[in-house]
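[1] got a structure for you, letters missing:
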C-alpha cells in the first residue's frame, strides 16, 4: 500500500487504517454503559453491550475486572451467577470522599508547618 505524508501506510482507497481502541477508551465505554443504563449485568450481557459499543469482546472481561479492582464497578456473586453494576453517583461519592481526605491532610500539613515555623523562630 502507498504511504501517507508522515510515512505511515494508507489503508484502502488512501484512507488511514483504523487504529484500535485504547485501554482508557475501553474503560470509559464500558463504564458509560453502566452509568447510562443504570442496570445490573452478568458478564455475558456486559460483553454483548460493550462489543456493540466498540470494545473487542475478548477484552471486555479484563477491562471489567480492572474497573472492579479500581472500585468503579461493584460485583456480587449470587449462587453461581456473578453480577456487575456501577451507578454515576458512585464516582461522585468517591470524588467527594477523596476531596474530604485531601482537605483533612492539607489541614494537618498546615498545622505541622506552623508548628515547625515557630520552632525555627525559637531557635534563632
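    Ah, there it is. Source: prediction; values computed, not measured.
[2] hey, let's count contacts and neighbours off CA atoms from now on
    Will do.
[3] what bits of the protein have low per-residue confidence?
    Within the chain, the segments meeting pLDDT under 70 span 1-19.
[4] got the residue ranges for the helices in it?
    Ranges of helices in the chain, per DSSP state H, are 23-37, 43-52, 57-69, 88-123.
[5] now these in TSV, with distance to residue 79?
    Converted to TSV, the helices of the chain look like this (distance: least, C-alpha to C-alpha, whole Å):
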stretch	distance to residue 79
helix 23-37	22
helix 43-52	15
helix 57-69	19
helix 88-123	25
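[6] can I get these in a markdown table including mean neighbour count?
    Output for the helices of the chain, formatted as a markdown table (neighbours: other C-alpha atoms under 10 Å):
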| stretch | mean neighbour count |
| --- | --- |
| helix 23-37 | 16 |
| helix 43-52 | 17 |
| helix 57-69 | 16 |
| helix 88-123 | 11 |
